[in-house]
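Participant: sequence plus the predicted model coming up.
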Amino acid sequence: MFAALTLSSLLAVAASPAPAPTPTLPPVIIRTITTARCTTLHEMMRPIGYVTRRNDDAFRAMAFATQKFLSHFIPGDVPTIADLQASLGNNGGQTTGTGLNGTGTPMSTSLSSSRGNDPLVYGPSQVLSAARIDAVAQQIFGNIMVERSFLTKSYKKFPQGKNPKVDAMRRAAQNVMTLQEALANRYEQFAGTYFDGMDLSRMTANNNGDVATIKMALRELLLGDTRGLAGDSNRKASPNDPYFGYKNADRLAQYGNPGEVLTALKGQEFAFTSTLIHTYNVCHQSHYILTPIHTLPVASPKP
């Protein structure tokens, strides 16, 4: 009886209809166009764009370090021409006595008697900020070498002059790299001046007047080097003048001040990204739209 029930149960199971298979959706076909432009997009533009974003993070870190460095100053600490003349002994024609110690303001006289480093410039926090700037600048130089390797490969694959649109894409990338390097050089110049000036007054000064002169001149030099590095420049570029009157990005990189280089870099990064997005839409038949954003820090209040 048990065996019969078992057999009938098996037959009942076997006779039941099998479930219908789940229908599968048709495959999604993504149309990808293969041209020199599309190859350049994927093999050069996108990798450089990724490295550029990392460099923007690094520039932001250096701008913050510069802001921290400047936060130790107050407006009266910035030497004027009169202060420098006074520290040089040209205080209204006076060449002896207190004229050698500056104007008599705390900025000059309180520091002229010490042969050590200027405590206003070489405080522990400021030394760390300058070291941070120096280290990050070196990272950016390394990143730029990586960017240029992609550009070099592109020139080998598609020689200059063979495809105008590819050449335009490479010019956009080159402009960004040129201004990145120029801005990193401005930060490195500040860091180099800062560390080269350590112990300078102790090693070279012969008297208190020399100490005051050296410290005042170094302050002016350092504060001049930081101009525009702590945030955006007040001067804005226009679409008709993206290089602030200079012929091209190379000339601006060589002769422009840090604020101009920073502002122009943001403009060239936007132009580079616009070219990247447009080319991506052409190659993938997509419709992405680029919206302007601020990728570098907003200027902090001046000390």
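Facilitator: Received the coordinates, thanks. Residues are numbered from 1 along each chain as shown.

Participant: and L120, that's in a helix?
Facilitator: No - assigned with DSSP: H, G, I helix; E, B strand; the rest coil, L120 falls outside any helix and is coil.

Participant: that one: neighbouring residues, count only.
Facilitator: If you count neighbours by other Cβ atoms under 10 Å, L120 ends up with 17. Where you see a C-beta, it was placed from the backbone N, CA and C, and this is true even at glycine.

Participant: before we move on, what about V146?
Facilitator: 13.

Participant: ok, it - contacts?
Facilitator: Shown in contact with V146 (Cβ atoms under 8 Å, 6 or more residues apart in numbering): V51.

Participant: avg pLDDT for the helix or strand hosting it?
Facilitator: Under the criterion of DSSP states H and E, V146 resides in helix 124-157. Averaged over helix 124-157, pLDDT sits at 94.

Participant: any buried residues in that helix, and which?
Facilitator: Of all the residues in helix 124-157, those buried under the rule 16 or more other Cβ atoms under 10 Å are 126-127, 129-130, 132-134, 136-137, 140, 143-144, 147, 150-151, 154.

Participant: next secondary structure element downstream of it?
Facilitator: Immediately after helix 124-157, counting by DSSP H and E, sits helix 164-196.

Participant: tell me what angle that following helix forms with helix 124-157.
Facilitator: 150 degrees (axes from the mean of the first three to the mean of the last three Cα atoms, to 10 degrees).

Participant: packing partners for helix 164-196?
Facilitator: helix 36-40, helix 46-70, helix 124-157, helix 208-225, helix 249-255, helix 258-284 (3 or more Cβ pairs under 8 Å, 6 or more residues apart in numbering; DSSP states H and E).

Participant: pLDDT on that helix, on average?
Facilitator: On average, helix 164-196 scores 94.

Participant: relative to helix 46-70, how tilted is it?
Facilitator: 30 degrees.

Participant: tell me the buried residues in helix 164-196?
Facilitator: So helix 164-196, judged by 16+ other Cβ under 10 Å, has buried residues 166-167, 169-170, 172-188, 190-191, 193-194.

Participant: go through the buried residues of helix 124-157 and name the one nearest L221.
Facilitator: A130 (13.3 Å; Cβ to Cβ).

Participant: check contacts around the nearest residue to that closest one once chain neighbours are set aside.
Facilitator: Nearest residue to A130, sequence neighbours excluded (Cβ to Cβ, 6 or more residues apart in numbering): Y194, at 4.5 Å. For Y194, the contact set (Cβ under 8 Å, 6+ apart) comprises V121, A130, L222.

Participant: of these, which is the nearest to F244?
Facilitator: L222 (24.2 Å).
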